[in-house]
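Student: Make a model of this:
(chains A and B)
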Amino acid sequence: MTTYGFDRAAPSEIQSWLVERLAEYLPDLGEAVDPHRQLGEYGLDSITVVAFAADVEEQLGIPVDPTAIWDYPTVSELAGYVADELAGRRPQAA
Amino acid sequence: MIDITTRAQHLEKLLGAPWDAANPAGFAAVVAADEREETAPAAEAVLDEFGLLAEFVPRALGGRLDRIDHMIELMRSVYRRDPALGLARAGQLLASVNVWTAGSPEQRAAAAELLLGNRRIACAFHELAHGNDIAGNEFAARRAGSGLVLHGRKESIANLDLADALVILARTDPADGPRAHSQLFLPAGLLAPGQVRRLPRFRSVGMRGVRLGGMEVNGLPVPDGLLLGAPGTGVETASRAFQVTRLALPAMSTALLDTALRVALHHTRRRRLYGREAADLPMVRTTLAEAFADLLVCEALSRTAARALHLCPESGSVHAPAVKYLVAGVLTDAVQRLATVMGSEFYRRDGEHAVFQKIVRDVRPVGFGHIARAACLSALLPQLPGLLGRARRAPDPVPAALFTAEAELPEPDLSRLRLVAGGRDPLVSSLGTVLDEDLPAAVRPLAEEHVRGFAALCEAGAVLRPRQLSITAEVPVRELAARYTVALAAAACLGVQRAATAGEFLARPEWLQAALVRLGGMERAVPAGLPPAVEDALIEELLHRDDHNLSFGLTGRPYA
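Tutor: So this is what the prediction gives:
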């Protein structure tokens, strides 16, 4: 089941969606998430990274390991990764 | 390949009769060694003769590890006599699973050769300042030319002084983040005394025979080729590989409860109080029966989860912390309650029951060693929304081999372990269809209660907010993760009973009733009593096994 309400083919829409989704995990954030800032700088702990990865996987129906967030540690980079995964441009993760 | 029954019988024979005071590997020798903060030398020699460490080496590398459930079962023979003896050997598993998971062919072959030659590989991860937060580790491996230079401290490393090699977690990137660490597989001969200061041995309350050392390293140059896996993958490798050990070590520890129960029976069947055998007093009977049920619960969950590592390895990230959390808690509580029926005898350091006070101390580290129970709940929590959501919508099919007594399993493939389960948990899913099964009448209401409990948990999961899932999660939210472990255990017990061979004790409904009552009490935090007929059936089986020297767990194997 996929519940996203955006164009899967458009990385910019994926990015906006990720920004909104991530805000749910950052209760004290007074501003919008900067897509080019390292997620670690927002105080996203290792437990929350697992939850966020599981959430993105669940919502988009593609495998998203926490390692994807480790390797693409800004929303902008992660959006690129997700777009490639959605478009099937990447070999399936082992 | 020698089957598990033959291997277990051979090891039992080598270890000898536990109560025989003249047996250098029996309880008396084990207690005497514990007083010296050692393990019994004769028992160590037996394990070398048997080639115990080959049980941790995959078959492809010349060892005997082809089934994790069998490896656990075999180790219980060691843990039943002396948990410290067992843990000191199982420590090699901590190091080697990382090598099996991420090592090059040469590194894997080298590690296998060491273990097959009865030599040790220590796992040097722990830093006191960082506890279970391994991503905070500071021990550094800095690049210098074509090699690395090591700096820092590692504490509480089991068998450091006996080790021929070490697996070390080191920071290879000064910036924070999950890619900042790498693992090294290092021959102990490289630890040059000029750059490595050995720290004094840690002394401990329990597991006193396990030698806990430490080291302070100051500018030790090592070759670059010692890296285990790609740079930056140290935490990832550990997070995957340790799924095996976080499950296997508590699973081996169920043997502590076997021994505690055996000693309590030994004592209460011989002691006369108020004109009868102490074992006949209602409070004593109830305590013994409940401890037996608790042991069966722990083994049902851990056996099923061990098989799941073969059959659906992607669920390991859920099952490993769940086993650790539930099994460690149940074992600790059960041993404590048995201490109450031992009376003053539990406090003695001499006499034939002295091994009991050792078990009371040795069981404590099961709750925090390798990973703390609290950290296990933290690991489960972020996966709960996905797991509970999927269990409601699209339960995963259950592989029959999870439960069947003589299941055929594929060899374990550690490369298929993932950091998250993607919501998939076939074990918990099996609760979804359990009421469609042909359940014994006495079991059905209890099964219904657990199915309702799980449905309520799914409802609670559906309203969890993302920001409730972090390391700062509140106690009532963390309780949901604890309830998930109870659901897993109930599913395992139901499956084990359903798949048992007709006529066997495990096929009878009574133990399952007892198990589900005990688990129901855990979920509600209010213990309920066992029905009298159930208690009678458990006590009858327990006395039978005690009289015939059989182990008290799921398998009831001959105990030398």
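
Student: Would you list the phi and psi of the residue of chain B most remote from its centre?
Tutor: Distance to the chain centre peaks in chain B at residue B:145, reaching 42.0 Å (criterion: C-alpha atoms, centre = their mean). Phi and psi for residue B:145, reported as degrees, to the nearest 10, are phi 60, psi -130.

Student: now the strands for the stretch 251-400 of chain B?
Tutor: B:272-273, B:276-277 (DSSP state E, counting those that start in this stretch).

Student: which outside residues touch the last one?
Tutor: What it means is strand B:276-277. Strand B:276-277 is contacted by residues B:268-271 when judged by C-beta atoms under 8 Å, 6 or more residues apart in numbering or on different chains. No exception for glycine: its C-beta is placed from N, CA and C like everyone else's.

Student: Quick one: the strands of the stretch 251-400 of chain B as CSV, columns for mean neighbour count and mean pLDDT too.
Tutor: Supplementary listing: the strands of the stretch 251-400 of chain B in CSV, determined by neighbours: other C-beta atoms under 10 Å in any protein chain shown; pLDDT from 0 to 100:
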stretch, mean neighbour count, mean pLDDT
strand B:272-273, 11, 90
strand B:276-277, 11, 90
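
Student: So which of those is nearest residue B:77?
Tutor: strand B:276-277 (29.2 Å; C-beta to C-beta).

Student: how far is the closest one from where the chain is centred?
Tutor: Mean-position distance between strand B:276-277 and its chain equals 36 Å (C-alpha atoms, centre = their mean, to the nearest Å).

Student: Given that strand, what are its sheet partners and their directions?
Tutor: strand B:272-273 (antiparallel) (DSSP bridges).

Student: Just the residues contacting the strand it pairs with, thanks.
Tutor: B:278, B:281.

Student: what's the closest non-adjacent residue to the residue in chain A that chain B sits nearest to?
Tutor: Nearest residue of chain A to chain B: residue A:51, at 3.3 Å (C-beta to the nearest C-beta). With C-beta to C-beta, 6 or more residues apart in numbering or on different chains as the criterion, residue A:51 has its nearest non-adjacent residue at 3.3 Å, and that residue is residue B:382.

Student: Could you name the helices and strands sitting against the helix or strand residue B:242 falls within?
Tutor: Counting by DSSP states H and E, the element that carries residue B:242 is helix B:234-252. Contacts defined by 3 or more C-beta pairs under 8 Å, 6 or more residues apart in numbering or on different chains; DSSP states H and E place helix B:234-252 against helix B:68-81, helix B:83-102, strand B:163-171, strand B:181-187, helix B:282-311, helix B:316-342.

Student: which residues touch the lengthiest helix in chain A?
Tutor: As assigned by DSSP state H, the longest helix anywhere in chain A is helix A:46-60. Residues from elsewhere that reach helix A:46-60 (C-beta under 8 Å, 6+ apart): A:2-4, A:8, A:18, A:21-22, A:25, A:39, A:44, A:63-66, A:68-70, A:82, A:85-86, B:135, B:178, B:378-379, B:381-383, B:385-386, B:389, B:419-420, B:422-423, B:466, B:469-471.

Student: hmm, try it at 6 Å
Tutor: With C-beta atoms under 6 Å, 6 or more residues apart in numbering or on different chains as the test, helix A:46-60 has contacts from A:4, A:25, A:64, A:66, A:69, B:135, B:378, B:382-383, B:386, B:420, B:422, B:469-471.

Student: rewinding a little: can you flag the buried ones in the contacts of strand B:276-277?
Tutor: B:268-269, B:271 (16 or more other C-beta atoms under 10 Å in any protein chain shown).

Student: Which single one of those residues is nearest to chain A?
Tutor: residue B:268 (44.9 Å).

Student: Let me see the contact set for that closest one.
Tutor: Residue B:268 is in contact with B:278-279, B:284, B:341, counting by C-beta under 6 Å, 6+ apart.

Student: Just the buried ones from the contacts of helix A:46-60?
Tutor: For those, buried by 16+ other C-beta under 10 Å: A:25, A:64, A:66, A:69, B:135, B:378, B:382-383, B:386, B:420, B:422, B:469-470.

Student: what stretches of chain B score poorly on pLDDT?
Tutor: Counting by pLDDT under 70, chain B contains low-confidence ranges at B:1.

Student: how about the residues of it near chain A?
Tutor: Residues of chain B lying near chain A by C-beta under 6 Å from any C-beta of the partner chain: B:135, B:177-179, B:236, B:378, B:382-383, B:386, B:419-420, B:422, B:466-467, B:469-471.

Student: is it true that residue A:19 touches residue A:33?
Tutor: Yes - proximity of residue A:19 to residue A:33 meets the contact threshold set by C-beta atoms under 6 Å, at 4.7 Å.

Student: more neighbours, these two?
Tutor: Between residue A:19 and residue A:33, counted using other C-beta atoms under 10 Å in any protein chain shown, the more crowded position is residue A:33 (20 against 16).

Student: What score does the more buried one have for pLDDT?
Tutor: Looking at residue A:33, its pLDDT is 89.

Student: quick one: secondary structure of it?
Tutor: Under DSSP: H, G, I helix; E, B strand; the rest coil, the three-state class of residue A:33 is coil.

Student: Look up how far residue A:24 lies from it.
Tutor: 11 Å (C-beta to C-beta, to the nearest Å).

Student: The residue nearest to residue A:51 contacts residue B:469, doesn't it?
Tutor: Yes - between residue B:382 and residue B:469 a contact is recorded at 4.8 Å, counting by C-beta under 6 Å.

Student: if I pick residue B:430, what's in contact with it?
Tutor: Here residue B:430 is in contact with B:398, B:491, B:495 (C-beta under 6 Å, 6+ apart).

Student: Neighbour-wise, which one of those residues leads?
Tutor: Busiest of the contacts of residue B:430 [other C-beta under 10 Å] is residue B:491, holding 28 neighbours.
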